[in-house]
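In: take this sequence and fold it.
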Amino acid sequence: MAIATHQLIKRKRQGHPIVMLTAWDYPFAKLLDGAGVDVILVGDSLAMVALGHRTTLPLTLDDTIHHAQAVCRGVDNALVVCDLPFMSYQEGPVQAMRSAGRVLKETGAGAVKLEGGYPAIVETVARLTLSGIPVMGHVGVTPQSVHRQGYGRQGKTEDEGERILEEAMALSRAGAFGIVLENITHDLAAEITTTLPIPTIGIGAGARCDGQVLVTSDILGLSDRQPPFAKIYAHLGEKVTEAVQAFSQDVRDRKFP
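Out: Model (predicted):
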(Lines give C-alpha, C1' and ligand atoms only; values in the text may rest on other atoms or scores of the structure.)
Protein backbone atom coordinates (compact mmCIF):
# COMPACT_ATOMS: atom_id res chain seq x y z
CA MET A 1 0.00 0.00 0.00
CA ALA A 2 1.51 3.32 -1.07
CA ILE A 3 2.35 5.96 1.53
CA ALA A 4 -0.37 8.62 1.79
CA THR A 5 0.07 12.32 2.48
CA HIS A 6 -1.53 12.12 5.94
CA GLN A 7 1.08 9.54 6.94
CA LEU A 8 3.84 12.07 6.30
CA ILE A 9 2.16 14.51 8.68
CA LYS A 10 1.97 11.72 11.26
CA ARG A 11 5.70 11.04 10.80
CA LYS A 12 6.46 14.68 11.58
CA ARG A 13 4.48 14.43 14.82
CA GLN A 14 6.31 11.23 15.73
CA GLY A 15 9.72 12.69 14.88
CA HIS A 16 10.47 10.19 12.10
CA PRO A 17 12.62 11.80 9.33
CA ILE A 18 11.21 11.62 5.80
CA VAL A 19 13.39 10.44 2.91
CA MET A 20 12.71 11.91 -0.53
CA LEU A 21 14.61 11.46 -3.82
CA THR A 22 13.92 12.21 -7.48
CA ALA A 23 13.27 9.77 -10.31
CA TRP A 24 12.67 10.26 -14.01
CA ASP A 25 12.28 6.70 -15.36
CA TYR A 26 11.12 3.18 -14.49
CA PRO A 27 14.50 1.60 -13.51
CA PHE A 28 15.47 4.33 -11.03
CA ALA A 29 11.94 4.50 -9.60
CA LYS A 30 11.96 0.75 -8.98
CA LEU A 31 15.38 0.92 -7.31
CA LEU A 32 14.41 3.85 -5.06
CA ASP A 33 11.12 2.24 -4.07
CA GLY A 34 12.83 -1.05 -3.32
CA ALA A 35 15.37 0.76 -1.15
CA GLY A 36 12.61 2.14 1.05
CA VAL A 37 12.44 5.80 0.02
CA ASP A 38 9.31 7.45 1.46
CA VAL A 39 8.61 9.99 -1.30
CA ILE A 40 9.70 9.89 -4.94
CA LEU A 41 9.61 13.24 -6.69
CA VAL A 42 9.24 13.45 -10.44
CA GLY A 43 10.98 16.79 -10.29
CA ASP A 44 11.32 19.31 -13.07
CA SER A 45 15.05 18.76 -12.51
CA LEU A 46 14.56 15.97 -15.05
CA ALA A 47 14.79 18.73 -17.66
CA MET A 48 18.46 19.04 -16.76
CA VAL A 49 19.50 15.54 -15.61
CA ALA A 50 17.53 13.50 -18.16
CA LEU A 51 16.90 15.85 -21.09
CA GLY A 52 20.07 17.95 -21.09
CA HIS A 53 18.57 21.42 -20.69
CA ARG A 54 20.49 24.11 -18.79
CA THR A 55 17.47 25.05 -16.63
CA THR A 56 14.12 23.53 -15.70
CA LEU A 57 12.16 26.04 -17.77
CA PRO A 58 11.92 24.16 -21.13
CA LEU A 59 10.12 21.20 -19.55
CA THR A 60 6.52 20.81 -20.76
CA LEU A 61 3.52 19.24 -19.07
CA ASP A 62 3.54 16.47 -21.68
CA ASP A 63 7.21 15.78 -20.90
CA THR A 64 6.40 15.59 -17.21
CA ILE A 65 3.47 13.25 -17.70
CA HIS A 66 5.52 10.95 -19.95
CA HIS A 67 8.25 10.57 -17.32
CA ALA A 68 5.82 10.36 -14.40
CA GLN A 69 3.99 7.48 -16.09
CA ALA A 70 7.25 5.54 -16.28
CA VAL A 71 8.11 6.33 -12.66
CA CYS A 72 4.71 5.28 -11.35
CA ARG A 73 5.00 1.93 -13.12
CA GLY A 74 8.04 1.21 -10.96
CA VAL A 75 6.60 2.26 -7.58
CA ASP A 76 4.55 0.17 -5.17
CA ASN A 77 5.17 1.77 -1.78
CA ALA A 78 6.43 5.35 -1.97
CA LEU A 79 4.29 8.43 -2.42
CA VAL A 80 4.93 9.80 -5.93
CA VAL A 81 4.84 13.61 -6.11
CA CYS A 82 5.04 15.32 -9.48
CA ASP A 83 6.29 18.85 -10.14
CA LEU A 84 4.04 21.00 -12.27
CA PRO A 85 6.41 22.56 -14.83
CA PHE A 86 6.94 26.23 -15.55
CA MET A 87 3.86 28.00 -16.95
CA SER A 88 1.54 25.04 -16.42
CA TYR A 89 -0.06 26.63 -13.32
CA GLN A 90 1.06 30.26 -12.99
CA GLU A 91 -1.89 31.66 -14.97
CA GLY A 92 -4.24 30.80 -12.12
CA PRO A 93 -6.34 28.12 -10.42
CA VAL A 94 -8.19 27.02 -13.56
CA GLN A 95 -5.00 26.30 -15.48
CA ALA A 96 -3.47 24.66 -12.40
CA MET A 97 -6.55 22.47 -11.95
CA ARG A 98 -6.35 21.25 -15.53
CA SER A 99 -2.62 20.54 -15.29
CA ALA A 100 -2.78 18.83 -11.91
CA GLY A 101 -5.85 16.87 -12.93
CA ARG A 102 -4.04 15.55 -16.00
CA VAL A 103 -1.05 14.53 -13.90
CA LEU A 104 -3.09 12.58 -11.36
CA LYS A 105 -5.41 11.00 -13.93
CA GLU A 106 -2.81 10.07 -16.53
CA THR A 107 0.14 9.01 -14.35
CA GLY A 108 -1.10 7.57 -11.07
CA ALA A 109 0.96 10.03 -9.01
CA GLY A 110 -0.39 10.84 -5.57
CA ALA A 111 0.29 14.58 -5.41
CA VAL A 112 1.69 17.59 -7.23
CA LYS A 113 4.22 20.23 -6.21
CA LEU A 114 4.07 23.95 -6.99
CA GLU A 115 6.76 26.57 -6.49
CA GLY A 116 6.28 29.84 -4.63
CA GLY A 117 4.22 31.21 -1.78
CA TYR A 118 2.96 34.55 -3.05
CA PRO A 119 -0.79 35.22 -2.74
CA ALA A 120 -1.82 34.00 -6.21
CA ILE A 121 -0.05 30.68 -5.66
CA VAL A 122 -1.57 30.34 -2.19
CA GLU A 123 -5.02 30.82 -3.72
CA THR A 124 -4.21 28.16 -6.31
CA VAL A 125 -3.08 25.72 -3.62
CA ALA A 126 -6.31 26.30 -1.70
CA ARG A 127 -8.43 25.66 -4.80
CA LEU A 128 -6.52 22.48 -5.66
CA THR A 129 -6.70 21.02 -2.16
CA LEU A 130 -10.41 21.81 -1.89
CA SER A 131 -10.85 19.84 -5.12
CA GLY A 132 -9.12 16.81 -3.60
CA ILE A 133 -5.70 17.30 -5.22
CA PRO A 134 -2.88 16.95 -2.66
CA VAL A 135 -0.29 19.73 -3.00
CA MET A 136 3.27 20.07 -1.75
CA GLY A 137 4.63 23.61 -1.56
CA HIS A 138 8.13 24.88 -2.32
CA VAL A 139 9.73 28.08 -0.99
CA GLY A 140 13.20 29.56 -0.76
CA VAL A 141 15.15 29.02 -3.96
CA THR A 142 12.59 28.24 -6.65
CA PRO A 143 14.35 27.04 -9.83
CA GLN A 144 11.50 28.10 -12.11
CA SER A 145 12.33 31.70 -11.07
CA VAL A 146 16.02 31.35 -11.92
CA HIS A 147 16.11 34.41 -14.20
CA ARG A 148 14.74 36.62 -11.43
CA GLN A 149 16.18 34.98 -8.36
CA GLY A 150 19.20 32.86 -9.28
CA TYR A 151 20.30 29.91 -7.15
CA GLY A 152 21.90 31.78 -4.24
CA ARG A 153 20.87 31.14 -0.64
CA GLN A 154 17.63 32.82 0.42
CA GLY A 155 16.55 34.20 3.79
CA LYS A 156 19.82 35.85 4.72
CA THR A 157 18.20 39.17 5.67
CA GLU A 158 15.48 39.72 8.25
CA ASP A 159 12.99 40.90 5.64
CA GLU A 160 13.71 37.93 3.39
CA GLY A 161 13.36 35.52 6.29
CA GLU A 162 10.04 37.00 7.37
CA ARG A 163 8.72 36.80 3.81
CA ILE A 164 9.68 33.14 3.40
CA LEU A 165 8.21 32.24 6.80
CA GLU A 166 4.95 34.01 5.91
CA GLU A 167 4.83 32.20 2.57
CA ALA A 168 5.33 28.83 4.24
CA MET A 169 2.62 29.56 6.82
CA ALA A 170 0.21 30.71 4.10
CA LEU A 171 0.78 27.53 2.09
CA SER A 172 0.13 25.43 5.19
CA ARG A 173 -3.11 27.29 5.90
CA ALA A 174 -4.14 26.81 2.25
CA GLY A 175 -3.94 23.04 2.71
CA ALA A 176 -0.49 22.01 1.51
CA PHE A 177 0.50 18.69 3.12
CA GLY A 178 4.23 19.50 3.10
CA ILE A 179 6.75 22.10 1.95
CA VAL A 180 10.17 21.87 0.33
CA LEU A 181 12.62 24.41 1.77
CA GLU A 182 15.38 24.95 -0.78
CA ASN A 183 18.72 26.56 0.01
CA ILE A 184 17.57 28.83 2.83
CA THR A 185 19.48 29.61 6.02
CA HIS A 186 19.49 26.74 8.48
CA ASP A 187 18.08 28.81 11.34
CA LEU A 188 15.19 29.96 9.16
CA ALA A 189 14.48 26.37 8.10
CA ALA A 190 14.45 25.32 11.75
CA GLU A 191 12.01 28.13 12.63
CA ILE A 192 9.67 27.17 9.78
CA THR A 193 9.85 23.50 10.77
CA THR A 194 8.96 24.31 14.38
CA THR A 195 6.15 26.66 13.38
CA LEU A 196 4.34 24.55 10.79
CA PRO A 197 2.09 21.55 11.56
CA ILE A 198 3.05 19.98 8.22
CA PRO A 199 6.41 18.41 7.34
CA THR A 200 9.26 20.41 5.86
CA ILE A 201 11.62 18.73 3.39
CA GLY A 202 14.99 20.39 3.17
CA ILE A 203 17.41 20.65 0.29
CA GLY A 204 20.42 22.69 1.30
CA ALA A 205 18.42 23.91 4.33
CA GLY A 206 20.17 22.14 7.20
CA ALA A 207 19.53 19.16 9.42
CA ARG A 208 16.56 20.47 11.42
CA CYS A 209 13.92 19.92 8.71
CA ASP A 210 11.48 17.03 8.99
CA GLY A 211 13.03 15.32 5.98
CA GLN A 212 15.59 15.69 3.23
CA VAL A 213 15.48 15.55 -0.57
CA LEU A 214 18.24 15.50 -3.17
CA VAL A 215 18.35 14.95 -6.91
CA THR A 216 19.24 11.28 -7.30
CA SER A 217 21.81 11.87 -10.03
CA ASP A 218 23.67 14.14 -7.57
CA ILE A 219 24.05 11.47 -4.88
CA LEU A 220 25.13 8.88 -7.48
CA GLY A 221 27.84 10.98 -9.13
CA LEU A 222 25.97 11.27 -12.43
CA SER A 223 25.47 15.05 -12.59
CA ASP A 224 27.35 17.50 -14.80
CA ARG A 225 27.12 20.21 -12.12
CA GLN A 226 27.16 19.24 -8.45
CA PRO A 227 25.29 21.54 -6.01
CA PRO A 228 27.42 22.58 -3.03
CA PHE A 229 24.94 21.08 -0.54
CA ALA A 230 24.72 17.63 -2.19
CA LYS A 231 26.73 14.62 -1.03
CA ILE A 232 28.01 11.99 -3.46
CA TYR A 233 27.33 8.49 -2.11
CA ALA A 234 28.52 6.57 -5.19
CA HIS A 235 30.58 7.44 -8.26
CA LEU A 236 28.43 5.64 -10.81
CA GLY A 237 29.51 7.91 -13.65
CA GLU A 238 33.06 6.55 -13.35
CA LYS A 239 31.78 2.96 -13.09
CA VAL A 240 29.64 3.34 -16.23
CA THR A 241 32.58 4.79 -18.17
CA GLU A 242 34.84 1.94 -17.04
CA ALA A 243 32.25 -0.69 -18.03
CA VAL A 244 31.67 0.86 -21.47
CA GLN A 245 35.40 1.15 -22.09
CA ALA A 246 35.91 -2.51 -21.10
CA PHE A 247 33.10 -3.63 -23.40
CA SER A 248 34.43 -1.50 -26.24
CA GLN A 249 37.90 -2.97 -25.84
CA ASP A 250 36.56 -6.53 -25.82
CA VAL A 251 34.66 -5.86 -29.04
CA ARG A 252 37.71 -4.32 -30.74
CA ASP A 253 39.90 -7.21 -29.56
CA ARG A 254 37.25 -9.70 -30.71
CA LYS A 255 36.93 -11.05 -27.15
CA PHE A 256 33.18 -10.48 -27.11
CA PRO A 257 31.02 -12.32 -27.79
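In: can you map out the strands along the stretch 151-257 of the chain?
Out: 178-182, 200-203, 211-214 (DSSP state E, counting those that start in this stretch).
In: of all those, which lies closest to Gly74?
Out: Nearest to Gly74, of all these, is strand 211-214, at 18.2 Å by Cβ to Cβ. Where C-beta positions appear, they are placed from N, C-alpha and C, glycine not excepted.
In: name the strands paired with the closest one and say parallel or antiparallel.
Out: Take DSSP bridges as the rule and strand 211-214 pairs in its sheet with strand 18-22 (parallel), strand 200-203 (parallel).
In: can you lay out those strands as TSV showing distance to Leu79?
Out: Shown next, in TSV, are those (distance: least, Cβ to Cβ, whole Å):
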stretch	distance to Leu79
strand 18-22	9
strand 200-203	12
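In: any idea which of these is most buried?
Out: strand 200-203 (a mean of 27; mean count of other Cβ atoms under 10 Å).
In: which outside residues touch that strand?
Out: Residues outside strand 200-203 that contact it (Cβ atoms under 8 Å, 6 or more residues apart in numbering): 18, 20, 39, 136, 168, 178-183, 189, 192-193, 209-214, 229.
In: pLDDT on that strand, on average?
Out: For strand 200-203, mean pLDDT is 98.
In: and it, how far out from the chain middle?
Out: Taking Cα atoms, centre = their mean, to the nearest Å, one finds strand 200-203 lying 10 Å from the centre of the chain it belongs to.
In: swap in stretch 28-37?
Out: Taking the mean of its C-alpha atoms, stretch 28-37 sits 15 Å from the chain's own mean (Cα atoms, centre = their mean).
In: which residues touch it?
Out: If you take Cβ under 8 Å, 6+ apart as the criterion, stretch 28-37 is touched by 19-21, 23, 40, 70-78, 80, 216.
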